[in-house]
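Enquirer: Need a 3D model of the sequence below.
(one chain, ligands or ions: 2)
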Amino acid sequence: MMYRCCECGHLFEEGEQAIWHENHGAEIGGEMFDGCPLCRGDYEEVRQCKECGEWHYEDELYEGWCEKCLRETINYDTFFEYCEANKDEQYLDIFVMSELLGGMDCPKNVSWDFHQLMIDVYKARVDDIKSVMTASYKAVIDILPACIRFILDDDGSIGRENYADWLNNRKEVK
Ligand SMILES: [Zn+2]
Ligand SMILES: [Zn+2]
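Expert: Numbers count the residues shown, from 1 in each chain. Ligands and ions are numbered 1, 2, ... in the order given. Take a look at the predicted model:
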């Protein structure tokens, strides 16, 4: 097991903790304490991100992934694939309506045609962005930051868990 100090950030292994005794001036008794080997600060268990191998506190990992690595997996294709995997939740419809069509609310229970239209709008925009990038002419706003925000930030940590879970299962299929 590995730990990181919450005070100074020192990374250390099980067994390296500083252990000391405080008796608060009493002749007998007192308490044993343990802490960071460098500063005696509080420490917490850390685990490795399955992708980059960096050590993170438990609440900084989502199904084994750190936020930075999750972010790096998102591109126009994975975004589309993830949205389509969540078609029942209307991910793509909601995204296209709110980000690409001027912030409109998405109607519930949309028709097949409506969903196809949303797909067309998304793909057309991505094509625009890609052609603009090769022409090095910035007239189209890149939607990738919005894609990333939609997946990782809009639903807080639950969104990150869901996405990481999807990624994990997607890799197993390959
Ligand atoms: Zn420390
Ligand atoms: Zn990572």
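
Enquirer: where exactly do the strands run in this protein?
Expert: Ranges of strands in the chain, per DSSP state E, are 2-5, 11-13, 18-22, 31-35, 43-48, 55-57, 61-62, 65-66.

Enquirer: wait, what's in contact with the closest residue to residue 101 other than its chain neighbours?
Expert: Among residues not flanking residue 101 along the chain, residue 121 sits closest, at 6.8 Å (Cβ to Cβ, 6 or more residues apart in numbering). The way it works is simple: take the backbone N, C-alpha and C, and place the C-beta from them, glycine included. Contacts for residue 121 (Cβ atoms under 8 Å, 6 or more residues apart in numbering) come out as 96, 100, 101.

Enquirer: how far away is the residue sitting nearest the centre point of the chain from residue 157?
Expert: Centroid-nearest residue in the chain, with Cα atoms, centre = their mean: residue 67, separated by 3.7 Å. Using Cβ to Cβ, to the nearest Å, we find residue 67 at a distance of 9 Å from residue 157.

Enquirer: got the residues of this structure near ligand 1?
Expert: Contact residues (Cβ under 5 Å from the ion) of the chain with ligand 1: 5, 7, 8, 10, 36, 38, 39, 41.

Enquirer: What sits closest to the fourth one if chain neighbours are left out?
Expert: In this case it means residue 10. Nearest-residue entry for residue 10: residue 38, 4.8 Å, with adjacent residues in sequence omitted and distances by Cβ to Cβ, 6+ apart.

Enquirer: thought that neighbour was touching residue 5?
Expert: Yes. Between residue 38 and residue 5 there is a contact at 6.8 Å, judged by Cβ atoms under 8 Å.

Enquirer: who has more neighbours, these two?
Expert: Using other Cβ atoms under 10 Å, the more surrounded residue of residue 38 and residue 5 is residue 5, with 20 against 14.
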